[in-house]
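Colleague: take a look and give me a structure for this.
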Amino acid sequence: MFYVILFLLGLGFGSFLNVVSFRYKPEQKLFDLKIIGGRSRCPHCKKQLRWYELIPILSFLFQKGECRHCEHKLSWQYPIVEILSALIFVAVPLQIFNFQFSIFNEFSNYSITQLLITVIWIFIFLLFLLLAIIDFHHYIIPDEINILLAVFGIILIPLTTYNLQLTTSFIGHYSLLFGSLGNIWVNHIIAAVLAMAFFGLIIAISRGRGMGVGDLKLGGALGLIFGWPDILFVLALSFIVGAAIGIILMLNKTKTMKDIVPFGPFLVIGSALVFFFGFQIVNLYFKFFGLYF
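Modeller: Purely as a prediction, here's the structure:
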């Protein structure tokens, strides 16, 4: 029942993310109340919607994906984002709960620490989802999202700890192979600097055509959130997924080598893969080569 409630709560947040993403314009502030406030309307006929037309998922299904007034087809983004948001509210607590059994048992106030970290990660993934939608539609990553992600990353740092027997890395004990960059603050700050330097190099070499400044800022925020060496795997998986999808798009003749493809969604996918499956992916990689640690 607890996770059912979380799922329903996530549906509500997903509905809000849809409002923000559909009403956002690159020249405006992301959370401008003058833009995102007010009653919801059909994006086509501008008819004000009633409460029963705004029930997540159900309204879309009962209306067969159409506006009740003008019968114009509605975007599938509505139910997809609502479902993804609901899954975030369920999957993130489950992952944190399992992960924290081993890394936070030395905290005297375990339950409060666990709750704080869980809430922060839920909001991080909600921002990831919003970022991916906006970058997909507008080829831009709003500064407000990067700033909020960086702030959440900084808040997470004092809530985690390192010692010789303990690692907060999502790749588990494999992180020991990459060495330590110092205390946890130095670890995350250097990870952010390295990620930004990496993207900055790509921007400089490609003269701004291979990567955007928003990606550079996002790289810094992800470095603060994941730290070293997890940021390496976030970047690596992002490029692998991006390359695979890019090849598929070119084979389908949807995109060409000269077309712009937003990279923010790939960074989000890479981050999600590390968060949920980081250890399993690295473990599978080493086992493939017959290496066991």
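Colleague: okay, helices next: where are they in the protein?
Modeller: Secondary structure of the chain (DSSP state H): helices at 2-23, 33-36, 58-62, 77-103, 110-138, 143-156, 184-206, 213-226, 230-251, 264-288.
Colleague: mean neighbour count added to the ones you listed, as TSV?
Modeller: Backbone N, C-alpha and C define where each C-beta goes, glycine included. TSV is the format used below for those (neighbours: other Cβ atoms under 10 Å):
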stretch	mean neighbour count
helix 2-23	17
helix 33-36	12
helix 58-62	15
helix 77-103	18
helix 110-138	19
helix 143-156	18
helix 184-206	18
helix 213-226	25
helix 230-251	17
helix 264-288	19
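Colleague: least reliable of these by average pLDDT, please.
Modeller: When the helices of the chain are compared by mean pLDDT, helix 33-36 comes last with a mean of 70.
Colleague: nearest to Glu71, out of the helices of the chain?
Modeller: Between Glu71 and the helices of the chain, the shortest gap by Cβ to Cβ is with helix 58-62, which sits at 13.9 Å.
Colleague: on that earlier part again, mind giving me a markdown table with the helices of the chain and columns for distance to Pro43?
Modeller: Listed next are the helices of the chain as a markdown table, based on distance: least, Cβ to Cβ, whole Å:
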| stretch | distance to Pro43 |
| --- | --- |
| helix 2-23 | 7 |
| helix 33-36 | 14 |
| helix 58-62 | 14 |
| helix 77-103 | 10 |
| helix 110-138 | 13 |
| helix 143-156 | 22 |
| helix 184-206 | 34 |
| helix 213-226 | 25 |
| helix 230-251 | 26 |
| helix 264-288 | 22 |
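Colleague: those: which one's closest to Leu177?
Modeller: helix 264-288 (9.2 Å).
Colleague: packing partners of the closest one?
Modeller: helix 77-103, helix 110-138, helix 213-226, helix 230-251 (3 or more Cβ pairs under 8 Å, 6 or more residues apart in numbering; DSSP states H and E).
Colleague: those: which one's closest to Gly14?
Modeller: For Gly14, the closest of those is helix 77-103, at 3.0 Å, according to Cβ to Cβ.
Colleague: thinking again about what came up before, to Arg23, which of the helices and strands packed on helix 264-288 lies closest?
Modeller: Among the helices and strands packed on helix 264-288, the nearest to Arg23 by Cβ to Cβ is helix 110-138 (10.9 Å).
Colleague: tell me how far the closest one lies from the chain's centre.
Modeller: In terms of Cα atoms, centre = their mean, to the nearest Å, the centre of helix 110-138 is found 6 Å from the chain centre.
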